[in-house]
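Chemist: just the structure for this:
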Amino acid sequence: MTYAEAIEFLYSLQLFGTKLGLDNTFKLAALAGEAKRHGLTALLCRHMQDLASDAGPAEVLADLRAAAQRGAAASLALAAELVAVLQELREAGVAALAIKGPVSAALCYGDFGVRSFSDLDLLVEPAEVGAATACLEARGYCSPFALSPAWRARLLRSDSELLFRHADGRRLVDLHWCLLPRGYTFTPGHEGVFARRQMVRIGPSEVPTLGIEATLLFLLLHGMKHDWQSLGWLCDVAELLRRHPGLDWDAVLAWSARRGPRRLIDIGLALAHALLDAPVPARALLRGRADVAVARIADGLARRLFAAPTLNRSWLPRSIFSYQYLLAMETPGDRLRFLYDVVLRPTPLEWRAVPLPAVLAPLYYLVRPARLLWKHRRPRRAQGIRSR
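Modeler: Predicted coordinates for the structure are as follows:
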């Protein structure tokens with residue numbers, strides 16, 4: 001691949017739209033910045049690794065390769081940590097599944113060096129959260145929230161995950177007891193296609209994870225939950241489909257056939273096919289085309305995906321409000337549940353900000369909107385603003 005072909009390839013992804021006649025140094029530097037924003041630095045480097053030394057700006061290419069190497073080293077270290085954590089959980093009698101992160105790198109690309117990730121995600125049964133927490137704490141992890149048994153029980157009922165940070169400040173584990181928050185028509189259970197399991201090789205070890213079909217559905221739901229803000233998430237979907245042509249589409253389409261998950265799944269499949277030529281079967285695409293909202297929402301997501309970060313002037317920032325996700329929900333119950341989760345449902349952030357005894361827990365329904373208004377009281381730049 002020549003330098004010009006590499007630039008042409010990335011323009012074809014619409015990262016910059018029309019060419020502006022800028023010099024190659026500026027183009028590649030801007031390209032590297034966009035790749036970093038979308039978690040695609042290593043993938044960009046892979047596409048350009050066959051360039052001759054004089055085919056592009058040497059200093060920019062060197063910086064790009066160095067960034068990709070640092071990312072690969074961090075990913076390999078986290079993959080090794082995943083194996084060790086799962087081993088300790090098994091020894092403690094906790095059956096945990098690895099999701100996202102290293103297993104996505106293995107399943108979607110077959111290479112830990114081309115997909116970046118910053119934390120490890122584990123899925124356990126709700127009844128095993130206590131034992132999993134004790135195991136993580138013994139390994140040096142702790143939650144930023146000091147929860148009493150009463151508040152932890154409340155969290156298990158109201159939420160679906162809890163983050164743990166290692167004492168070294170570099171390693172993160174996100175412990176899930178449900179793949180998505182409860183109460184939605186599209187929240188996966190532990191039956192049907194989501195009951196399937198497989199083993200994925202990481203180095204000399206194998207780790208348990210969701211089956212291929214459940215992995216695809218989860219990646220599509222996760223991307224839609226966050227308004228598909230990263231092109232890297234769509235790359236995961238496209239590469240998963242390319243690497244696993246024998247995927248059971250009957251099971252995927254059967255699980256997502258009902259009103260609720262259908263539109264969420266169809267939007268992701270439409271985006272992956274339109275932007276990255278993902279091999280989505282015609283029958284799946286036809287189902288999405290029968291719903292006019294799918295094309296409208298997918299088009300809006302694609303345009304925003306490739307837009308430069310701008311000043312956020314909305315009354316509720318994107319960091320806590322996934323507007324297209326709300327529009328993609330098909331049932332009034334799901335939409336009301338989402339608004340409740342965003343605006344009213346108390347989280348450990350409120351519990352920590354205003355410590356109250358459990359008997360006064362209803363007061364947190366006032367604390368939650370007040371904290372959000374205070375935190376987002378003035379417009380801020382969207383770039384770099386993360387998490388709620």
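
Chemist: which residues of this protein score low on pLDDT?
Modeler: Where the chain drops to pLDDT under 70, the residues are 1-27, 49-57, 308-321, 378-388.

Chemist: list the buried residues in the longest helix along it.
Modeler: For the chain, the helix with the greatest residue count under DSSP state H is helix 58-91. By neighbour count with 16 or more other Cβ atoms under 10 Å, helix 58-91 contains the buried residues 60-61, 64, 67-68, 71-72, 75-76, 78-79, 81-83, 85-86, 89. Any C-beta I mention is one placed from the backbone N, CA and C, and that applies to glycine too.

Chemist: quick one: distance of that helix to the chain centre.
Modeler: 17 Å (Cα atoms, centre = their mean, to the nearest Å).

Chemist: same check, this time on stretch 173-180
Modeler: Distance, stretch centre to chain centre, for stretch 173-180: 12 Å (Cα atoms, centre = their mean).

Chemist: ok, and what's touching it?
Modeler: Here stretch 173-180 makes contact (Cβ atoms under 8 Å, 6 or more residues apart in numbering) with 85, 99, 119-126, 128-129, 132-133, 136, 141, 156, 160-164, 166, 186-188, 194, 218, 221, 225.

Chemist: keep only those of those that are in strands.
Modeler: Applying DSSP state E to these, the entries found in strands are 99, 120, 121, 122, 123, 141, 161, 162, 163, 164, 166.

Chemist: now the helices: where do they sit in the stretch 251-388 of the chain?
Modeler: 261-276, 282-289, 292-305, 323-328, 332-339, 348-353, 364-375 (DSSP state H, counting those that start in this stretch).

Chemist: can you lay out the ones in strands among the contacts of stretch 173-180 as CSV showing neighbour count?
Modeler: As requested, those are exported to CSV (neighbours: other Cβ atoms under 10 Å):
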residue, neighbour count
99, 22
120, 23
121, 22
122, 24
123, 24
141, 20
161, 17
162, 22
163, 15
164, 22
166, 15
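
Chemist: of those residues, which is the nearest to residue 275?
Modeler: residue 99 (23.9 Å; Cβ to Cβ).

Chemist: which residue is the nearest non-sequential neighbour of the closest one?
Modeler: Leaving out its chain neighbours, the residue that sits closest to residue 99 by Cβ to Cβ, 6 or more residues apart in numbering is residue 121, at 4.7 Å.

Chemist: hmm, that neighbour is touching residue 100, no?
Modeler: Yes - in terms of Cβ atoms under 8 Å, residue 121 counts as a neighbour of residue 100; the distance is 4.5 Å.

Chemist: what's the burial count for residue 149?
Modeler: Look at residue 149: counted by other Cβ atoms under 10 Å, it has 9 neighbours.

Chemist: for the residue nearest to residue 162 when sequence neighbours are not counted, give its distance to residue 352.
Modeler: Closest residue to residue 162 apart from its sequence neighbours, by Cβ to Cβ, 6+ apart: residue 175 at 5.2 Å. Going from residue 175 to residue 352 by Cβ to Cβ, to the nearest Å gives 18 Å.

Chemist: equivalent analysis for residue 192, please.
Modeler: Following Cβ to Cβ, the distance that separates residue 192 from residue 352 is 38 Å.

Chemist: likewise residue 272?
Modeler: 38 Å.

Chemist: so the two - more neighbours on which side?
Modeler: residue 272 (28 against 12).

Chemist: quick check: closest non-adjacent residue to that one.
Modeler: residue 278 (3.8 Å).

Chemist: now that neighbour, what are its backbone angles?
Modeler: phi -60, psi 140 (degrees, to the nearest 10).

Chemist: tell me the contacts of it?
Modeler: Counting by Cβ under 8 Å, 6+ apart, residue 278 touches 237, 238, 241, 242, 269, 272.

Chemist: and for residue 266?
Modeler: Here residue 266 is in contact with 256, 284, 287, 288, 291, 294 (Cβ under 8 Å, 6+ apart).

Chemist: likewise for residue 335?
Modeler: 326, 329.

Chemist: surely residue 132 and residue 95 touch.
Modeler: No - using Cβ under 8 Å, residue 132 is not in contact with residue 95; the gap is 9.7 Å.

Chemist: spit out the residues that contact these two alike.
Modeler: 89, 124.

Chemist: settle it for me: which of these two has more neighbours?
Modeler: Neighbour tally, residue 132 and residue 95, criterion other Cβ under 10 Å: the higher count belongs to residue 132, 25 against 14.

Chemist: can you get me a residue count around residue 370?
Modeler: 12.

Chemist: how about residue 189?
Modeler: The burial count for residue 189: 10, using other Cβ under 10 Å.

Chemist: any idea how far it is from residue 213?
Modeler: 14 Å.

Chemist: swap in residue 336?
Modeler: Distance check for residue 336 against residue 213: by Cβ to Cβ, it reads 30 Å.
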